[in-house]
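Trainee: Just the structure for this:
(2 chains, ligands or ions: 2)
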Amino acid sequence: MRNALTLERRWDLAIRFLGRVGLWGITLAALLFLYLPIAILVIYSFNTSRLNAVWRGFTLDWYRSLFAGIGESGADVITGQIWDALFNSLWVGGIATVVATVFGTMVALALERFKFRQKTALEALLFLPIIIPDITMGISLLVFFSLVFQLIQTVTGVRLVLGLPTVIIGHIAFNISYVAVTVRSRIAELDPALEEAAQDLGANEWRTFYRVTLPLIFPGILSGALLAFTLSLDDFVITFFTAGVGSTTLPVFVYGMIKLSVTPAINAISTLMLMASFLIVLASLALQRRSLQL
Amino acid sequence: MKLAIELVDVGKTFQGQNQRDFRAIDQLNLQIRDGEFFSLLGPSGCGKTTILRMIAGFESPTVGEVFIHGEAMGDRPPFHRPVNTVFQNYALFPHLTVAQNVAFGLEMEGVPQTHIRSRVGDALALVKLNGLENRHPRQLSGGQQQRVALARALVKQPEVLLFDEPLGALDLKLRKAMQLELKAMQQQVGITFVYVTHDQEEALTMSDRIAVLSEGKVLQVGTPTEIYEEPSCRFVADFIGESNFLIGQVIEQANGGLVVLVDGELTLSVPYEPELPVGKVVTLVIRPEKVTIHPQTHSDPLALQGTIRDVVYLGTDTRFVVQLTSKSTLIIRRQNLHPGKLDTFTVGEAVKIRVAPNSMRVLPEGSLGPEAASGVLHLP
Ligand SMILES: Nc1ncnc2c1ncn2[C@@H]1O[C@H](COP(=O)(O)OP(=O)(O)OP(=O)(O)O)[C@@H](O)[C@H]1O
Ligand SMILES: [Mg+2]
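Mentor: Ligands and ions are numbered 1, 2, ... in the order given. You can find the predicted model right below:
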């Protein structure tokens, strides 16, 4: 009986050991899988060779070439285009983020605050842009824009074309959903008694909002905005369908470039963007921590 | 006499799911006097919070009207009512410091900064929280948070303060201390307190008057003594303190008293003025501490015969369950004034029970259960 028990116990321990090793192993593998390609990208941005396949030696030339291009006549044409695309990306991301954050927050507040019959339907509609494939969204936006442009042309005679504004509108369209969902989860955690307490102490609706509600849901708004900005910088499909001449964003440009020639300048600029994202995320974490402590 | 708050025929119906409406408050009439400590007492779900929220302005009555100092409130929003609330879970603003929390209400009033500082200081001194001004709510203990919530409401110098079970989250000792402190503070500042609680002991200790509620209705309003000594119905007698209920029938009414037949064999005389027909079923309410137990040798012609069924030592008193000669049992509490000496009654022992006639309360309600049918008085 004793022996049987110890055997069983040993079996338990063995299983536990296997489980632990397995879990750690899989976690490590997943992390490697996620970050190895990125690490390679970063490493090859310092590669002397033009080819990503072989390592020739360390250089900062690609970074230098990026910055040498600014404003100088006779700079590398490609480099200039990279910078144009990057600025487009930042413009689109910036404007789309600000607008989507304002609207998304308002939608989230309305959904949380008001009770109406079609609320569930509206919520489902709000979730839809997150679920439906980008390609569907891209095509539908394209169709929509061409219809609107046609209408405007027949009415006013003005001929509009796709460009940065259409890209921005497209990005706002899908980002509102993400912001609204993020902010909403934060509002749901908010104790409704806090707003009642504010009103009880003499704050009208508006003052209640900006003295109590807004500071408390701010971390959620910030997360939503960061998510929107990241998604916007990242987006390829929807941009691809809504961009016109001169409104190429970085992902679209990189895609076009890969088909022609890959220059490690792409690696370099990607690395810079990666670092920028890291900094943004770190800053937001720090902000959130501070707002929690306050 | 000046009324702080008056509720006239107030009803509140909540729209439930599946179109089912729920009537939380029904035809409620309450008059709360200026400067009194008034408690709303009742079991969970009886509508206490709903009443408080209608006074504060977070809910509006479906029918009826709430008056504050004689003024009809109508749909007036909370921020325009001269009342302040101390919330059940305090509802302190987590992003503001203690001082900022307390200052919030004054800032909303537009009080100048210099005045705010001194009034916040005074309020914090009143609740003994000086020195914690710059802490955030989550850096405070439950009792301290409770005090901040109190200071935040008091600093506004409202005419009426509303409390929704403010001590519910505190441990017993702290709760008792805070009860006394709140009561003292109420007398000091002279503000009307409307205090919601489901703890009858708390209501008895603190209140000038109590309203006992059940299922959205007021059953009785009175001073703690009235509520305890003269409960108006069985629910109140049962909810406030412990009670024995003996169901019987009137066999005689004479000289301002009733003779009641219990279980078809015990006759008890009780003082009772209002006219009751012979044969009427009544409930006798007997408080456990008002019954005395005596050894079998005790010679009192009015004493009842009984047998001890259970003895439980409770520290301050001992609780006996005594079976009467009929099928009824009585719970009896006796203070342990002389421990050891008097606790000599043992289970199974035959004893004599003495119930003073004027310590029984007659409720003209109740019905005889089917098993009591054999004991029913047959009227000629
Ligand atoms: N917003 C609401 N919608 C629907 N029903 C409600 C709503 N608020 C309260 N009720 C119902 O009204 C009744 C009274 O609720 P209330 O909160 O006033 O009870 P309470 O006496 O404060 O109870 P407790 O002691 O548990 O706090 C309950 O049955 C509750 O379910
Ligand atoms: Mg309640």
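Trainee: Tell me which residue of the stretch 201-350 of chain B lies closest to chain A.
Mentor: When scored by C-beta to the nearest C-beta, the stretch 201-350 of chain B has B:Glu202 as its residue closest to chain A, at 21.3 Å. Bear in mind the C-beta positions are built from the backbone N, C-alpha and C, glycine included.
Trainee: Can you give me the pLDDT of that residue?
Mentor: The pLDDT attached to B:Glu202 in the predicted structure is 92.
Trainee: Look at it and tell me its secondary structure.
Mentor: helix (DSSP: H, G, I helix; E, B strand; the rest coil).
Trainee: How about it, nearest residue that isn't a chain neighbour?
Mentor: B:Gln179 (6.0 Å; C-beta to C-beta, 6 or more residues apart in numbering or on different chains).
Trainee: you'd agree that neighbour is up against B:Leu204?
Mentor: No - with contact defined as C-beta atoms under 8 Å, B:Gln179 does not count as touching B:Leu204 (10.3 Å).
Trainee: So what does B:Asn134 have for phi and psi?
Mentor: The phi and psi values for B:Asn134, taken as degrees, to the nearest 10, are phi -100, psi 10.
Trainee: er, A:Val21 I mean
Mentor: Here A:Val21 shows phi and psi, under degrees, to the nearest 10, equal to phi -60, psi -40.
Trainee: residues near it, how many?
Mentor: 10 (other C-beta atoms under 10 Å in any protein chain shown).
Trainee: ok, it to A:Leu28 distance?
Mentor: Between A:Val21 and A:Leu28 the computed distance is 10 Å (C-beta to C-beta, to the nearest Å).
Trainee: same thing with B:Ala350?
Mentor: Going from B:Ala350 to A:Leu28 by C-beta to C-beta gives 80 Å.
Trainee: what do you get for A:Trp83?
Mentor: As judged by C-beta to C-beta, A:Trp83 and A:Leu28 stand 38 Å apart.
Trainee: Pick out whichever of these two has more residues nearby.
Mentor: Using other C-beta under 10 Å as the criterion, A:Trp83 and A:Leu28 rank with A:Trp83 on top: 18 against 10.
Trainee: what comes up buried for the longest helix belonging to chain B?
Mentor: Determined from DSSP state H, the single longest helix within chain B is helix B:172-189. For helix B:172-189, the neighbour count (16 or more other C-beta atoms under 10 Å in any protein chain shown) marks B:Arg175, B:Met178, B:Gln179, B:Leu182, B:Lys183, B:Met185, B:Gln186 as buried.
Trainee: cool, stretch A:116-136 as well?
Mentor: A:Leu126, A:Pro129, A:Asp134.
Trainee: do stretch A:180-188 as well
Mentor: Here stretch A:180-188 shows A:Ala180, A:Val181, A:Thr182, A:Val183, A:Arg184, A:Arg186, A:Ile187 as buried, counting by 16+ other C-beta under 10 Å.
Trainee: okay, now residue 27: neighbour count?
Mentor: This is for chain A. Residues lying near A:Thr27 (other C-beta under 10 Å) number 10.
Trainee: Please refer instead to chain B.
Mentor: Neighbours of B:Gln27 under the rule other C-beta under 10 Å: 14.
Trainee: Please confirm that it is located within a strand.
Mentor: Yes - counting by three-state DSSP, B:Gln27 is found in a strand.
Trainee: just to revisit the earlier point, ok, the buried residues of stretch A:180-188 vs chain B, which is closest?
Mentor: Closest to chain B, out of all of those and judged by C-beta to the nearest C-beta, is A:Arg186, at 13.2 Å.
Trainee: hang on, the closest one packs against A:Thr213?
Mentor: No - assessed by C-beta under 8 Å, A:Arg186 is found out of contact with A:Thr213, at 10.5 Å.
Trainee: returning to that earlier point: the next helix or strand after the longest helix of chain B close to ligand 1?
Mentor: Next along the chain after helix B:172-189, taking DSSP states H and E as the criterion, comes strand B:192-197. No - using C-beta under 6 Å from any ligand atom, strand B:192-197 stays clear of ligand 1, coming no nearer than 6.6 Å.
Trainee: okay, A:Phe218: pLDDT?
Mentor: 90.
Trainee: again with B:Leu52
Mentor: Confidence score, pLDDT, at B:Leu52: 95.
Trainee: what's the spacing between it and B:Pro137?
Mentor: B:Leu52 is 22 Å from B:Pro137, where distance means C-beta to C-beta.
Trainee: Neighbour count: these two, which is higher?
Mentor: B:Leu52 (23 against 19).
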